[in-house]
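[1] Turn this into a structure:
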Amino acid sequence: MHPAAIFEQVHGPIGQHEKGYPQQQKDAVERALNEAWQVLVENRLVIREPGVNGNNGYHRISERAAAITSATDFEHYRDALKFPKSLLHHALHETAWMSLARGEWDEAVTRAMKAVEEAVRHAGGFGAGDYGVVLMRAAFNPEKPGPLTDPSAELAERKGMADLFAGTFGAYRNSVAHRTVGIGAAKARELVMLASHLLRIVDDRRP
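    Numbering: from 1, shown residues only. Model (predicted):
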C-alpha cells in the first residue's frame, strides 16, 4: 500500500475531483487521515516494504498488526493507544506495553516487575541469584547504604525508598509470578506505571 493512494480518496483521482470529499470537509478529513497514518507508523502496525518499493514510500502490514486477529484484540489495542507508551520508561515499550495492548494484564505486570528487578540487579552490581524483596532491601539498604541508596537523603527517606521497592515486590511481583491473579485492565496499567517510576529511580541512582 502507498499512503498517497489513501489520501487520494480525499480529493478523488486526478481529473475526477468530484469523486472526493466535499470541499468544506477535505481539510478535516486529511488531518484525520494524517493522524491515523502516523499512529500506524509509530506503533509499527505498518512498515516500509523492503528495497526499491520501500524507498518509494510503499508500506506493508507488519507482523505485529497481523497478530491482531479478532475484534477483541483490536479493542485491546485501541484501548492501549489511549495509554501511550511514551508515558512509560523505554524498557517497558516492547514488553509490558505490548502485553497491555494484547489485554494480557497479569503478563504486563509480570514483565514490568521483571524489568525493575533486572535493572536493580544490573545497576547495583548484584548476581543472578539475587532477586525479589531481599534484592530490593540490599540495593536500597538505608542503614548500611546499599549501592542504590542515596546517602544524602534523610534516614527516614532512605527507609521509605527501601520500603517502596521491597513493598512493591512483596505485594505485586510475588503474587503475579507464582499464580494467576486476574488483574483487571485499570490496575494493570497502574502497576505498569508504578514499575516505570521505579525504573526511573534506578536510572537516577546508577553509579
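
[2] contacting residues around Gly184?
    Listed by Cβ atoms under 8 Å, 6 or more residues apart in numbering, the contact set of Gly184 reads Trp105. The way it works is simple: take the backbone N, C-alpha and C, and place the C-beta from them, glycine included.

[3] Backbone dihedrals for it, please?
    Note on Gly184: backbone dihedrals following degrees, to the nearest 10 are phi -80, psi 170.

[4] Need the per-residue pLDDT for it.
    You'll see Gly184 listed with a pLDDT of 84.

[5] doesn't His90 make contact with Arg200?
    No. The pair Arg200 / His90 is not scored as a contact, 10.2 Å apart, by Cβ atoms under 8 Å.

[6] Pick out whichever of these two has more residues nearby.
    Set Arg200 next to His90 and count neighbours by other Cβ atoms under 10 Å: Arg200 wins out with 14 against 11.

[7] Return the residues in contact with that one.
    Listed by Cβ under 8 Å, 6+ apart, the contact set of Arg200 reads His89.

[8] How about the helix or strand encompassing it, which residues are buried there?
    In the assignment (DSSP states H and E), Arg200 maps to helix 185-205. Neighbour-count burial for helix 185-205 flags 188-189, 191-196, 198-199, 201-202, 205 (criterion: 16 or more other Cβ atoms under 10 Å).

[9] Scan the helices and strands of the chain for the one with the lowest mean pLDDT.
    One helix or strand of the chain scores below all others by mean pLDDT, DSSP states H and E: helix 174-178, with a mean of 61.
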